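K.L.:
could you work out the structure for the sequence below:
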Amino acid sequence: QQQCRSTMKQLNRAMRVGRVDTIVQSTDKNFLVPVGGAVIAGPDAAIVNRIGKAYPGRASAAPIQDLFITLLSMGIEGYKLVLAEREALVQTFRHRLSDLAQQHGERLLISPLNSISFAVSLSTMEAHPEEEKPQGGGATSLGSMLFKRSVSGTRVVPRDQVATIEGHMFAGFGASVEGYPCSYFTAACALGIREEECELFFKRLEKVFVEIAKKRRKLKEKTLQPPNSSVLEPDATLPSSPSLSQGHNEVAPGVTPPPSSRG
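P.N.:
You can find the predicted model right below:
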């Protein structure tokens with residue numbers, strides 16, 4: 001991706017010393033436009049031209065217009081400025097995410113070659129061996145709760161998710177490798193992000209972690225609570241004592257009234 005210097009260096013080296021026919025870049029991830037378009041580039045113009053001629057051309061022109069307008073409005077200097085702003089926030093984003101994860105019993109997963117997307121374990125939200133299902137909704141509940149709070153772009157990968165495509169089974173579907181040891185979610189310090197947006201993201205993420213922890217505690221207390229006893233308290237079974245009211249003898253049910261003192 002254009003926003004990652006190390007990735008661009010590797011691609012340039014691969015084109016110089018090896019073979020790279022084309023590079024496909026999503027416009028929404030690299031040029032701040034809505035989802036729906038991609039840029040195809042490569043070292044051989046003839047290959048790129050053949051791909052362009054093979055395209056039927058019946059799709060919407062909106063992605064092209066969006067990219068054209070965005071590039072004209074930003075210019076090359078404006079685009080470089082956005083790239084520099086993202087790079088300046090990477091280390092802060094990584095450290096803040098790592099600290100927040102540790103506060104809630106999780107950890108930042110180490111991926112030194114990725115300076116855009118960061119992953120955090122969700123081990124505390126998985127089901128324990130004695131549970132059929134995880135308490136509190138499991139790891140996927142974090143993604144839905146963030147989305148309801150207008151946090152988009154995060155992706156939750158459950159460890160036990162299995163998918164079968166064309167007869168091939170994928171254990172831990174969605175993860176980078178098969179059978180990853182824990183569930184995790186990813187968050188990106190992507191192009192266009194600003195410092196105030198980072199602050200808002202971490203505040204909402206903190207609230208979601210706290211809310212999920214409360215739900216799990218309540219469910220755990222509910223499962224450990226003994227069933228209600230049918231034995232009444234001793235004081236509740238005692239009959240009320242007789243009392244006098246307006247000159248009449250009033251007695252509790254089942255109690256023999258005293259003999260009358262009148263002749």
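
K.L.:
end-to-end on stretch 138-155?
P.N.:
Using CA to CA, to the nearest Å, one end of stretch 138-155 lies 14 Å from the other.

K.L.:
what's the mean pLDDT across stretch 45-62?
P.N.:
On average, the pLDDT along stretch 45-62 is 84.

K.L.:
quick one: end-to-end distance for that stretch.
P.N.:
24 Å.

K.L.:
enumerate the positions of it that are buried.
P.N.:
By neighbour count on 16 or more other CB atoms under 10 Å, the buried set for stretch 45-62 is residue 48. For the C-beta atoms, the positions are set from N, CA and C on the backbone; glycine is no exception.

K.L.:
what do you get for stretch 76-92?
P.N.:
79, 82, 83, 86, 89, 90.

K.L.:
these two touch, right, the fifth one and residue 196?
P.N.:
This points to residue 89. No: Residue 89 is beyond contact range of residue 196, at 10.9 Å (criterion: CB atoms under 8 Å).

K.L.:
of the buried residues of stretch 76-92, closest to residue 9?
P.N.:
residue 83 (14.2 Å; CB to CB).

K.L.:
residue 31 versus the closest one, what's the distance?
P.N.:
Here the distance between residue 83 and residue 31 works out to 11 Å (CB to CB, to the nearest Å).

K.L.:
okay, and the common contacts of those two?
P.N.:
residue 191 (CB atoms under 8 Å, 6 or more residues apart in numbering).

K.L.:
where are the low-confidence patches of the stretch 101-250 of the chain?
P.N.:
The model of the stretch 101-250 of the chain has pLDDT under 70 over residues 127-137, 225-250.

K.L.:
what about the helices in the stretch 101-250 of the chain?
P.N.:
For the stretch 101-250 of the chain, the helices defined by DSSP state H, counting those that start in this stretch occupy 140-148, 195-224, 234-237.

K.L.:
winner for burial among those?
P.N.:
helix 140-148 (a mean of 17; mean count of other CB atoms under 10 Å).

K.L.:
same for that helix, what does it pack against?
P.N.:
The contact analysis (3 or more CB pairs under 8 Å, 6 or more residues apart in numbering; DSSP states H and E) places helix 140-148 against strand 155-157, helix 195-224.
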